[in-house]
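Undergrad: Give me the fold of what follows.
(chains A and B)
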Amino acid sequence: GGIITQTPKFLIGQEGQKLTLKCQQNFNHDTMYWYRQDSGKGLRLIYYSITENDLQKGDLSEGYDASREKKSSFSLTVTSAQKNEMAVFLCASSERTGGSAETLYFGSGTRLTVL
Amino acid sequence: QQQVRQSPQSLTVWEGETAILNCSYENSAFDYFPWYQQFPGEGPALLISILSVSDKKEDGRFTIFFNKREKKLSLHIADSQPGDSATYFCAASANTNKVVFGTGTRLQVLP
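TA: Numbers count the residues shown, from 1 in each chain, chains lettered A, B, ... in the order given. This next block holds a predicted model:
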């Protein structure tokens, strides 16, 4: 088995601040994802990456940057934190590239609060 | 535009009852429908899934019923246990890496 490790678990930022969230996986999976979870809105895809140095935009990419410098790691940057923003950011990975029947393995999330 | 819809938003049942969680979708290209279970403080984890070529999938107390013509599916949890209390997400994908999630159903099972 493997594990997805997200750091930090809790992140408190100030309005306008640039904030970086990190994710590591030891599954040796090709594809990694960043989702945002808001209460009542489910999970929305921000970015995903099918291999090292690849980036694909999801439905919610505006206001975020991502980086996949190694197969095992995928980072997400909030370019300018919005006041009173509260959300959970979930990192996930899946084994193969392409195909629909993929199982996503999630980390436990980074909880962001912006003051 | 919500491509995958879930109802109800929250559901309370008594221990031993069958909980029924509903899901509908819009995109006819979706062919894979996983259900994820999420406990507080954790990430979602795959519970059970179905391909669009099937109309039913069972795994222990968990059963998916799928109606392709109506673009609807449901998750039935038989003999519900307090440990089943969690948020359940219906999701869908086509032949891409993009998995679309519904807004979730929060299930509470009372002892």
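
Undergrad: check contacts around the one residue sitting closest to the centre of chain A.
TA: Geometric centre of chain A, nearest residue: A:W34, 2.6 Å, by C-alpha atoms, centre = their mean. Neighbouring residues of A:W34 by C-beta atoms under 8 Å, 6 or more residues apart in numbering or on different chains: A:21, A:23, A:45-48, A:58, A:64, A:66, A:74, A:76, A:89-91. Bear in mind the C-beta positions are built from the backbone N, C-alpha and C, glycine included.

Undergrad: Mind listing the residues bridging to it?
TA: A:W34 forms beta bridges with A:Y47, A:C91, as assigned by DSSP bridges.

Undergrad: how close does it sit to chain B?
TA: 12 Å (C-beta to the nearest C-beta, to the nearest Å).

Undergrad: Grab the nearest non-local neighbour of B:A29.
TA: B:A94 (4.1 Å; C-beta to C-beta, 6 or more residues apart in numbering or on different chains).

Undergrad: Run through the residues of chain B sitting next to chain A.
TA: B:4, B:6, B:9, B:30-32, B:34, B:36, B:41-46, B:49, B:51, B:89, B:93-104 (C-beta under 8 Å from any C-beta of the partner chain).

Undergrad: one step back: check the contacts of A:W34 against B:F66 and report the nearest one.
TA: Comparing those against B:F66 with C-beta to C-beta places A:L45 closest, at 23.3 Å.

Undergrad: my guess is A:S80 contacts A:G63, does it?
TA: Yes - counting by C-beta atoms under 8 Å, A:G63 is a contact partner of A:S80 at 6.9 Å.

Undergrad: Give me the helices and strands touching the helix or strand encompassing B:Y88, please.
TA: Assigned by DSSP states H and E, B:Y88 falls within strand B:86-93. Packed against strand B:86-93 by the contact rule (3 or more C-beta pairs under 8 Å, 6 or more residues apart in numbering or on different chains; DSSP states H and E) you find strand B:4-7, strand B:19-25, strand B:32-38, strand B:72-77, strand B:99-101, strand B:105-110.
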